[in-house]
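Asker: Build me a model from this:
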Amino acid sequence: MNNKPVLPILFSAGLLSAAMTISASAQTVPNGARAAQTTKTPLVARIVEDVPGPNERVTKNLIRVKAAKTPSGFSVPRYVSLKYSTSNGRTGPSSEHPVAWQYSRRGMPMIVVAETEVWRKVRDVNGDESWMKRRLLDGKRMVLVRGEITLRAKPRSDAHKQATAGKGALLALEDCTAKNWCRVTDLSSHITGYALKSMLWGAEPL
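Answerer: Numbering: from 1, shown residues only. Take a look at the predicted model:
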(Lines give C-alpha, C1' and ligand atoms only; values in the text may rest on other atoms or scores of the structure.)
Protein backbone atom coordinates (compact mmCIF):
# COMPACT_ATOMS: atom_id res chain seq x y z
CA MET A 1 0.00 0.00 0.00
CA ASN A 2 1.36 3.41 -1.01
CA ASN A 3 1.41 5.64 2.07
CA LYS A 4 2.35 8.96 0.47
CA PRO A 5 2.62 11.90 2.85
CA VAL A 6 -0.27 14.30 2.64
CA LEU A 7 0.10 18.00 3.33
CA PRO A 8 -3.26 19.36 4.57
CA ILE A 9 -4.22 22.92 3.84
CA LEU A 10 -6.19 24.26 6.80
CA PHE A 11 -8.31 27.39 7.00
CA SER A 12 -8.57 29.78 9.92
CA ALA A 13 -11.67 30.86 11.84
CA GLY A 14 -13.50 27.65 10.97
CA LEU A 15 -14.58 28.97 7.56
CA LEU A 16 -13.91 25.71 5.77
CA SER A 17 -13.96 22.30 7.40
CA ALA A 18 -12.48 20.30 4.53
CA ALA A 19 -8.76 20.36 3.73
CA MET A 20 -7.63 19.87 0.16
CA THR A 21 -4.36 18.79 -1.42
CA ILE A 22 -2.68 18.70 -4.80
CA SER A 23 -0.14 15.90 -5.19
CA ALA A 24 2.19 14.61 -7.87
CA SER A 25 2.11 10.90 -8.71
CA ALA A 26 5.54 10.44 -7.11
CA GLN A 27 5.34 12.91 -4.23
CA THR A 28 3.10 15.43 -2.57
CA VAL A 29 3.24 18.84 -4.21
CA PRO A 30 3.81 21.63 -1.65
CA ASN A 31 1.55 24.64 -1.40
CA GLY A 32 -1.48 22.70 -2.56
CA ALA A 33 -4.99 23.67 -3.51
CA ARG A 34 -6.85 26.22 -1.45
CA ALA A 35 -10.60 26.71 -1.40
CA ALA A 36 -12.10 29.52 -3.41
CA GLN A 37 -13.15 32.23 -0.99
CA THR A 38 -14.81 35.61 -1.19
CA THR A 39 -15.88 37.87 1.65
CA LYS A 40 -18.94 40.08 1.43
CA THR A 41 -18.65 43.48 3.09
CA PRO A 42 -19.08 43.76 6.02
CA LEU A 43 -18.09 40.61 7.88
CA VAL A 44 -20.12 38.11 5.88
CA ALA A 45 -18.09 35.25 4.43
CA ARG A 46 -18.98 33.38 1.27
CA ILE A 47 -17.12 30.12 0.58
CA VAL A 48 -17.19 28.28 -2.75
CA GLU A 49 -16.94 24.65 -1.62
CA ASP A 50 -18.68 23.15 -4.66
CA VAL A 51 -17.45 25.02 -7.72
CA PRO A 52 -20.50 25.45 -9.95
CA GLY A 53 -20.76 23.98 -13.40
CA PRO A 54 -21.75 26.03 -16.44
CA ASN A 55 -24.89 27.99 -15.60
CA GLU A 56 -27.05 30.64 -17.21
CA ARG A 57 -26.34 33.26 -14.58
CA VAL A 58 -22.64 33.38 -15.47
CA THR A 59 -22.90 33.32 -19.25
CA LYS A 60 -26.24 34.99 -20.06
CA ASN A 61 -26.78 38.62 -21.09
CA LEU A 62 -23.19 39.10 -22.24
CA ILE A 63 -22.87 42.17 -24.47
CA ARG A 64 -20.19 41.58 -27.08
CA VAL A 65 -17.91 44.45 -28.06
CA LYS A 66 -15.07 44.12 -30.56
CA ALA A 67 -11.55 44.97 -29.41
CA ALA A 68 -11.38 47.97 -31.75
CA LYS A 69 -14.25 49.62 -29.85
CA THR A 70 -13.14 49.11 -26.23
CA PRO A 71 -10.88 51.42 -24.15
CA SER A 72 -8.47 48.55 -23.44
CA GLY A 73 -8.21 47.32 -27.01
CA PHE A 74 -9.38 43.86 -25.93
CA SER A 75 -12.75 42.34 -26.74
CA VAL A 76 -15.61 42.09 -24.24
CA PRO A 77 -16.51 39.66 -22.75
CA ARG A 78 -13.18 38.07 -21.88
CA TYR A 79 -11.55 36.16 -19.04
CA VAL A 80 -9.09 37.77 -16.63
CA SER A 81 -7.76 36.82 -13.19
CA LEU A 82 -7.24 38.64 -9.90
CA LYS A 83 -3.71 40.03 -9.56
CA TYR A 84 -3.69 40.38 -5.77
CA SER A 85 -4.74 38.37 -2.72
CA THR A 86 -7.17 41.12 -1.66
CA SER A 87 -9.31 42.85 -4.28
CA ASN A 88 -12.36 45.05 -3.76
CA GLY A 89 -15.29 44.88 -6.14
CA ARG A 90 -17.44 48.02 -5.91
CA THR A 91 -21.03 48.78 -6.78
CA GLY A 92 -19.99 51.31 -9.41
CA PRO A 93 -16.95 52.56 -11.38
CA SER A 94 -15.45 54.92 -8.80
CA SER A 95 -13.68 54.74 -5.44
CA GLU A 96 -16.64 56.56 -3.87
CA HIS A 97 -18.92 53.60 -4.53
CA PRO A 98 -19.20 51.14 -1.61
CA VAL A 99 -17.47 47.76 -1.69
CA ALA A 100 -19.90 45.03 -2.77
CA TRP A 101 -17.48 42.11 -2.53
CA GLN A 102 -13.96 41.62 -1.23
CA TYR A 103 -12.16 38.80 -2.99
CA SER A 104 -9.35 37.19 -1.03
CA ARG A 105 -7.70 34.87 -3.51
CA ARG A 106 -5.06 35.81 -6.05
CA GLY A 107 -5.55 34.17 -9.44
CA MET A 108 -9.32 33.77 -9.22
CA PRO A 109 -10.76 33.79 -12.77
CA MET A 110 -13.31 36.49 -13.61
CA ILE A 111 -15.17 37.62 -16.71
CA VAL A 112 -14.95 41.23 -17.91
CA VAL A 113 -18.46 42.19 -19.05
CA ALA A 114 -17.97 45.97 -19.49
CA GLU A 115 -15.22 48.54 -19.10
CA THR A 116 -14.20 52.19 -18.95
CA GLU A 117 -10.70 53.65 -19.25
CA VAL A 118 -9.90 52.90 -15.60
CA TRP A 119 -12.58 50.45 -14.42
CA ARG A 120 -13.70 46.97 -15.38
CA LYS A 121 -17.08 45.45 -14.62
CA VAL A 122 -16.43 41.81 -13.76
CA ARG A 123 -18.60 38.75 -13.19
CA ASP A 124 -17.42 36.01 -10.80
CA VAL A 125 -17.89 32.25 -10.65
CA ASN A 126 -21.29 32.67 -8.97
CA GLY A 127 -22.55 35.23 -11.49
CA ASP A 128 -22.21 38.25 -9.18
CA GLU A 129 -20.95 41.49 -10.73
CA SER A 130 -18.90 44.39 -9.39
CA TRP A 131 -16.52 47.09 -10.63
CA MET A 132 -12.75 46.84 -10.18
CA LYS A 133 -9.87 49.10 -11.10
CA ARG A 134 -8.00 47.70 -14.07
CA ARG A 135 -4.75 47.46 -12.06
CA LEU A 136 -6.35 44.75 -9.89
CA LEU A 137 -6.78 42.44 -12.87
CA ASP A 138 -4.35 40.32 -14.84
CA GLY A 139 -4.74 39.09 -18.39
CA LYS A 140 -3.28 35.71 -17.44
CA ARG A 141 -5.86 32.95 -17.88
CA MET A 142 -6.55 30.86 -14.80
CA VAL A 143 -9.09 28.10 -14.18
CA LEU A 144 -10.84 26.84 -11.05
CA VAL A 145 -11.10 23.06 -10.58
CA ARG A 146 -14.69 21.85 -10.08
CA GLY A 147 -13.77 18.51 -8.51
CA GLU A 148 -10.70 16.34 -7.99
CA ILE A 149 -8.98 15.81 -11.32
CA THR A 150 -6.00 13.96 -12.75
CA LEU A 151 -3.47 15.81 -14.88
CA ARG A 152 -2.36 13.57 -17.76
CA ALA A 153 0.81 13.67 -19.84
CA LYS A 154 -1.29 13.65 -23.03
CA PRO A 155 -4.92 14.57 -23.77
CA ARG A 156 -6.16 11.01 -23.23
CA SER A 157 -7.81 9.36 -20.23
CA ASP A 158 -5.31 6.47 -20.39
CA ALA A 159 -2.19 8.70 -20.55
CA HIS A 160 0.43 8.77 -17.80
CA LYS A 161 -0.69 10.47 -14.59
CA GLN A 162 1.29 13.65 -13.91
CA ALA A 163 -0.50 14.88 -10.79
CA THR A 164 -3.86 15.22 -9.10
CA ALA A 165 -5.55 18.51 -8.27
CA GLY A 166 -8.20 18.88 -5.59
CA LYS A 167 -11.52 20.66 -5.85
CA GLY A 168 -11.02 24.41 -5.68
CA ALA A 169 -7.45 24.36 -6.99
CA LEU A 170 -6.36 27.23 -9.23
CA LEU A 171 -4.36 26.30 -12.32
CA ALA A 172 -2.85 28.38 -15.11
CA LEU A 173 -4.54 27.74 -18.44
CA GLU A 174 -2.07 27.15 -21.27
CA ASP A 175 -4.42 26.18 -24.12
CA CYS A 176 -7.50 24.13 -24.96
CA THR A 177 -6.60 23.07 -28.49
CA ALA A 178 -7.13 19.33 -27.88
CA LYS A 179 -10.76 18.18 -28.12
CA ASN A 180 -12.38 18.16 -24.64
CA TRP A 181 -8.98 18.69 -22.95
CA CYS A 182 -6.99 21.69 -21.74
CA ARG A 183 -3.31 21.97 -20.94
CA VAL A 184 -2.83 23.49 -17.49
CA THR A 185 0.01 24.21 -15.06
CA ASP A 186 0.12 24.18 -11.26
CA LEU A 187 2.18 27.31 -10.60
CA SER A 188 3.39 26.16 -7.17
CA SER A 189 4.90 22.89 -8.44
CA HIS A 190 5.41 23.84 -12.12
CA ILE A 191 3.76 20.56 -13.14
CA THR A 192 1.98 20.77 -16.49
CA GLY A 193 -0.57 18.29 -17.75
CA TYR A 194 -3.90 17.84 -19.51
CA ALA A 195 -7.26 18.03 -17.73
CA LEU A 196 -10.81 17.57 -18.96
CA LYS A 197 -12.23 20.94 -20.00
CA SER A 198 -15.58 20.15 -18.37
CA MET A 199 -13.86 20.06 -14.96
CA LEU A 200 -12.36 23.56 -15.28
CA TRP A 201 -14.33 26.75 -14.58
CA GLY A 202 -12.97 29.49 -16.80
CA ALA A 203 -12.09 27.28 -19.75
CA GLU A 204 -15.50 27.44 -21.41
CA PRO A 205 -15.76 29.69 -24.48
CA LEU A 206 -17.78 32.83 -23.88
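
Asker: Residue 206 and residue 80 touch, don't they?
Answerer: No: applying Cβ atoms under 8 Å, one finds residue 206 not in contact with residue 80, separated by 11.7 Å. Backbone N, C-alpha and C define where each C-beta goes, glycine included.

Asker: if you count what's nearby, which of those two comes out ahead?
Answerer: Neighbour count, other Cβ atoms under 10 Å: between residue 206 and residue 80, residue 80 has more, with 23 against 14.

Asker: can you pull out the helices in this protein?
Answerer: Per DSSP state H, the chain carries helices over the ranges 56-59.

Asker: low-confidence ranges in it?
Answerer: 1-57 (pLDDT under 70).

Asker: domain ranges for it?
Answerer: If you go by automatic domain parsing, the domain ranges for the chain are 56-140, 143-201.

Asker: Quick check: end-to-end length of stretch 66-82?
Answerer: Separation of the first and last residues of stretch 66-82 by Cα to Cα, to the nearest Å is 23 Å.

Asker: Could you tell me how far that stretch lies from the centre of the chain?
Answerer: 18 Å (Cα atoms, centre = their mean, to the nearest Å).

Asker: can you check stretch 96-110 too?
Answerer: Here stretch 96-110 is found 13 Å from its chain centre; the criterion is Cα atoms, centre = their mean.
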